[in-house]
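In: Here is a sequence with its predicted model. Questions after.
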Amino acid sequence: AAGARTIVLEAADAPRSPPEASAPRGAVVWFRQDLRLDDNQAFRAAVRAANRRGGEVLCLFVWSPDEEGNDEGASWAPGEASRVWLHHSLDALDRDIRRRYGGGGIRFAAGEHASAVAAAAADVNATAVFASARYEPAHVEGDARTRRALAEGGIELITLPGHLLFDRDKIRIDMERERYFFGTLMPFVHAAEKFGGEPGAPSPAPPTAPIAHDGSGGAGGVSTLASLGLIPPSDAARDWSAGLRAEWDMSESGASEAWAQFKRMGLAGYEATHGRCDLTHKSSTSLLSPYLRFGQLSPRRVYSELRDARFGTAVDGVEGRRLSRTFWHRLYRREFAYWQLGVFPQLAVTSWRSHYESRGDWRWPERDPAAAEDLRRWQKGETGFPVVDAGMRRLIRTGWMHQTERMLAATFLVDYLHIHWSHGARWFHDYLVDADLAINSMMWQNAGKSGLDQWDVFAGGLAPDGSARTHDPNGETIAQYVPELAGLPPGHLRHRPWEASAKTLANAGVTIGDTYPARIVPDVDAARARMLTGVLEVRARE
Ligand code: FAD
């Protein structure tokens, strides 16, 4: 099922004993995490198939929480922030389809994938359903199941590339030789380019499309978007999703605008400033992650424009990939994450280097109330370490964190609180608008030192005590997200309020232990030493 690229579209698309040979035959496009019209190969194929036979295209979305993931298993269903994003991005796509093509927009269905898809196919007399391939373990298995069930009714599920640049199943690595050295990116870059196929040029949205009119009528568990229940009810006591809506334009045009803005304003400076999270956060990094996650921006569009020497006057015709090698390589790192998930489907739940599960320094919140309380304080941004708290509060408020903040927060949970990385991964999964099973799991494994890559345990550059504060020297993000410290003078005292004099604290209205929490880890050096002992002890077993 994962080998989506092996499907030959033309052959699959060929006529085959239709239920009513004379009736116009339509096609279904099943949107999942490819919520765009630009460079959407599945949408284009559906339009082509329907045009050829004078039929209509039925645009479908199916919400089936049980099939989206398996909380006990290796894939998780979309978290809270992802569901909010899904709701609003589907709403925008539905409107875009109606505005651009007419017809009935998207049919929203709730219930089992196979029956909702089969009902949609019957309604437009389709024998072909087109979708962009998905790569999470639950989705790979689910698509294989749905494909078999549909085939029994003479309907073919045709999955096409679109979420990734390269064919991850063709990328060959000698894992024995590369074992534990492969975590560095470059061997993967070379292997992807050698074996993964050429991503190809992006194609624009079709100018016209015969979209079916019965978007939200008919059989098969058909619902409205609102009734899918993706967003909290508006009267919910804690409607934090308002913060997400305020922060993001969750539409495809929001994605194009973010990309255009980054090309204009961010890319040329990315190499120098991508580690900073204090710069007006619209420019130090691209903010493309949720759009790539939900497929509102085609990675192939980004890739091809970065390669294009006619990149634009703003950057003097220099190829984007040469403007910033680091940004270019971020795209490969995303592919690398999906490749890792393919090789090791348990990536989200258990250590790749399995002996790291038994690290002596782990604390388990499931059975240790003190660890559970520390985890809670980390989640809420109440650790008493301003850089950690600023990142964690930004996460809840906006659904996003800068990569440096993510690394600081992850390091703090794992190296200083000694809480197993999977607890952090799970929290991020629920609250990130870009929550991506592959990337999130890969990065948390790295934080736990148990992934293919390992963050350097000796470097100490991610200390929570503000000793390495180059990413935000004045503590601007601290002032923004930990407002109770905003009265402290810009600079190191915002990072280390415990070093401020009684007078400075009083002037800023800060009482440590009252208006702002006391440090959850009083002795950071001892905590790091404990982590080092735990890691070195398991390393000795390698
Ligand atoms: P930019 O720096 O502009 O990067 C451009 C794009 O490259 C990103 O949108 C993303 O698609 C990709 N990218 C960037 N960094 C990485 C990386 N380290 N690995 C793989 N792809 C990358 N990113 C997610 O998209 N989803 C996650 O769930 C996620 N979880 C993370 C968890 C931890 C503990 C850490 C340390 C990082 C995580 N990241 C995750 C990676 C990274 O932090 C975000 O992609 C980035 O901060 C998003 O902001 P941006 O789009 O402005 O990034």
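Out: Great, that's in hand.

In: Could I get the pLDDT score of Arg307?
Out: Looking at Arg307, its pLDDT stands at 87.

In: Setting aside sequence neighbours, what's the nearest residue to it?
Out: Among residues not flanking Arg307 along the chain, Arg321 sits closest, at 5.8 Å (C-beta to C-beta, 6 or more residues apart in numbering). C-beta coordinates here come from the backbone N, C-alpha and C atoms, glycine included.

In: Doesn't that neighbour lie inside a strand?
Out: No. Counting by DSSP: H, G, I helix; E, B strand; the rest coil, Arg321 falls outside a strand, being helix.

In: got the contact list for it?
Out: Taking C-beta atoms under 8 Å, 6 or more residues apart in numbering, we find Arg321 in contact with Leu306, Arg307, Phe327, Trp328.

In: out of those, what pair is the most spread apart?
Out: Farthest-apart pair in the contacts of Arg321 is Arg307 and Phe327; separation 12.3 Å (C-beta to C-beta).

In: quick one: common contacting residues for those two?
Out: Common neighbours of Arg307 and Phe327, counting by C-beta under 8 Å, 6+ apart, are Gly320, Arg321.

In: More neighbours: the two, which one.
Out: Using other C-beta atoms under 10 Å, the more surrounded residue of Arg307 and Phe327 is Phe327, with 21 against 14.

In: you'd agree the more buried one is up against Tyr270?
Out: Yes. At 4.9 Å, Phe327 counts as touching Tyr270 under the criterion of C-beta atoms under 8 Å.

In: Now for these two: what residues contact both?
Out: In contact with both Phe327 and Tyr270: Ser286, using C-beta under 8 Å, 6+ apart.

In: Low-confidence regions, this protein specifically.
Out: Applying pLDDT under 70 to the chain flags residues 1-22, 71-73, 175-183, 214-222, 234-238, 279-283, 309-316, 468.

In: tell me which parts of it are close to the ligand?
Out: Counting by C-beta under 6 Å from any ligand atom, the chain comes close to the ligand at 274, 285-289, 292-293, 330-331, 333-334, 337, 402-403, 406-407, 410, 428, 432, 434-436, 439-440, 443-444, 447.

In: Looking at those, which are in helices?
Out: Among the residues of the chain next to the ligand, the ones falling in helices (DSSP state H) are 289, 292-293, 330-331, 333-334, 337, 403, 406-407, 410, 428, 439-440, 443-444, 447.

In: By proximity to the ligand, which residue of the stretch 101-250 of the chain wins?
Out: Residue nearest to the ligand within the stretch 101-250 of the chain (C-beta to the nearest ligand atom): Leu185, separated by 9.4 Å.

In: Relative to Val140, how far out is that residue?
Out: 24 Å (C-beta to C-beta, to the nearest Å).

In: higher neighbour count, those two?
Out: Val140 (20 against 16).

In: Would you state the helices of the stretch 201-350 of the chain in chain order?
Out: 241-247, 252-261, 267-273, 289-293, 299-307, 320-323, 325-343 (DSSP state H, counting those that start in this stretch).

In: Break down this structure into its strands, ranges please.
Out: For the chain, the strands defined by DSSP state E occupy 25-30, 54-63, 106-110, 128-132, 156-160, 222-223.

In: Show me where the stretch 401-542 of the chain has its helices.
Out: Using DSSP H, counting those that start in this stretch, the helices of the stretch 401-542 of the chain run over residues 403-411, 421-431, 437-447, 476-481, 492-495, 502-508, 524-539.
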